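S.K.: quick one: sequence and predicted model below, then my questions.
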Amino acid sequence: MSFSVGVMSAMYLTKGISGAHLNPAVTLSFCVMRKVRWGRLLPYCLSQVLGAYVASALVYVVYYDAIMKFSGGVLTVYGPNETASIFATYPSEYLTLGRSFLDQVVGTGMLMLCILSLDERRNTPAPSDLIPPIVATIVLGISMSMSANCGAAINPARDLGPRLLTLTAGWGTEVFTCYNYWFWVPLLAPLIGGPLGSLLYLVFIEWQLPDPEPPQNLSTVSTISDSIKKPATSKTRVTQTTQLLL
């Protein structure tokens with residue numbers, strides 16, 4: 001729940017700056033759909049990873065004493081006293097590589113499938129001010145239902161930034177080599193799942209929505225060609241002159 005509150009708070013804080021881009025998979029999907037310029041993809045992704053790294057460093061400093069007491073001062077990825085999973089995501093022992101990849105593709109695809117409809121005027125759009133808590137609730141639902149396999153990262157920056165922090169804070173290279181170099185799964189799979197979820201939305205939702213009805217009772221606008229069709233009286237000449245000035 002605190003994770004979803006963090007998503008909501010970050011969206012309220014940054015929606016006026018970047019449109020609240022917190023996830024490289026979401027940013028990539030919006031670039032593919034031409035909702036965001038491609039030139040913003042790399043700067044946004046680097047900022048997202050850096051932000052996740054700094055946030056993880058703050059968590060590490062605040063909870064340093066608790067981490068050291070629990071781990072006995074030995075920072076590891078495996079075992080009953082491992083603490084690496086506080087920061088990045090890792091697979092469960094029973095999970096195969098292919099299934100973990102599918103898990104992240106499906107989770108990120110569901111995220112995009114849900115959030116793309118929030119501002120669709122032809123459907124049932126959400127009020128703009130309520131989009132952050134709605135997105136937070138979507139993230140909460142995905143996290144609660146899909147975190148058992150491998151932590152429900154669904155965000156490459158949310159996983160890579162903390163993993164880099166553990167690499168530099170004492171856990172060592174094991175955070176990248178463990179589970180047969182599994183770290184690439186939460187990096188690559190969301191980048192595939194996001195565009196796939198967007199494609200599903202386009203095919204089954206957006207392209208099936210009815211075209212918006214034309215506005216009714218449009219006022220007639222006089223044009224210069226209309227004035228040529230009939231002789232102009234002194235009154236109509238004044239009206240036409242006023243229209244041209246406006």
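M.R.: That came in fine, so what should we check first?
S.K.: doesn't L97 make contact with W182?
M.R.: Yes. Using C-beta atoms under 8 Å, W182 is in contact with L97, at 7.2 Å. Every residue, glycine included, has its C-beta placed from N, CA and C.
S.K.: so between those two, which is more surrounded?
M.R.: W182 (18 against 13; other C-beta atoms under 10 Å).
S.K.: please name the nearest non-neighbouring residue to the more buried one.
M.R.: In space, and not counting its chain neighbours, W182 is closest to P91: 5.7 Å by C-beta to C-beta, 6 or more residues apart in numbering.
S.K.: list the contacts for the spatially most central residue of the chain?
M.R.: Most central in the chain under C-alpha atoms, centre = their mean is V26, positioned 3.8 Å from the mean C-alpha point. Listed by C-beta atoms under 8 Å, 6 or more residues apart in numbering, the contact set of V26 reads L111, M112, I115, G194.
S.K.: can I get those residues in TSV with distance to F87?
M.R.: Conversion of the contacts of V26 to TSV gives the following (distance: C-beta to C-beta, whole Å):
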residue	distance to F87
L111	21
M112	25
I115	25
G194	22
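S.K.: correct me, but the residue nearest to W182 touches Y179?
M.R.: Yes. Counting by C-beta under 8 Å, P91 touches Y179, with 5.7 Å between them.
S.K.: please enumerate the strands of this structure.
M.R.: Using DSSP state E, no strands are assigned anywhere in the chain.
S.K.: please spell out which residues along the longest helix seen in the chain are buried.
M.R.: If you go by DSSP state H, the chain has its longest helix at helix 41-62. Neighbour-count burial for helix 41-62 flags 41, 44-45, 47-49, 51-53, 55-57, 60 (criterion: 16 or more other C-beta atoms under 10 Å).
S.K.: pick out the most distant pair among the contacts of V26.
M.R.: In terms of C-beta to C-beta, these reach their longest pairwise distance at I115 and G194, which sit 10.3 Å apart.
S.K.: these two - which one has more neighbours?
M.R.: A direct count of neighbours by other C-beta under 10 Å for I115 and G194 places G194 higher, at 28 against 21.
S.K.: quick check: the more buried one vs V36, distance?
M.R.: 12 Å (C-beta to C-beta, to the nearest Å).
S.K.: if I look at the residue lying closest to V135 once chain neighbours are set aside, how far off is A57?
M.R.: With sequence-adjacent residues excluded and distances taken as C-beta to C-beta, 6+ apart, V135 is closest to I115, at 5.7 Å. According to C-beta to C-beta, I115 stands 28 Å off from A57.
S.K.: A152 now?
M.R.: 22 Å.
S.K.: ok, now F70?
M.R.: For F70 relative to A57 (C-beta to C-beta), the value is 19 Å.
S.K.: swap in E120?
M.R.: 38 Å.
S.K.: likewise V105?
M.R.: Distance from V105 to A57, by C-beta to C-beta: 30 Å.
S.K.: which ones are touching C31?
M.R.: Taking C-beta under 8 Å, 6+ apart, we find C31 in contact with R37, W38, R40, L41.
S.K.: I134: which of these is nearest?
M.R.: Using C-beta to C-beta, the contacts of C31 come closest to I134 at R40, 23.8 Å.
S.K.: need the pLDDT of that closest one.
M.R.: On the pLDDT scale, R40 is placed at 97.
S.K.: what does P212 give?
M.R.: Looking at P212, its pLDDT is 78.
S.K.: tally of neighbours for it?
M.R.: By other C-beta under 10 Å, the burial measure for P212, its neighbour count, is 8.
S.K.: ranges for the helices of the protein?
M.R.: Going by DSSP H, the chain shows helices at 2-14, 24-32, 41-62, 64-71, 97-115, 131-146, 156-166, 174-181, 185-204, 224-228, 234-245.
S.K.: roughly how far is the fifth one from the heart of the chain?
M.R.: A distance of 13 Å separates the C-alpha centroid of helix 97-115 from that of its chain, computed with C-alpha atoms, centre = their mean, to the nearest Å.
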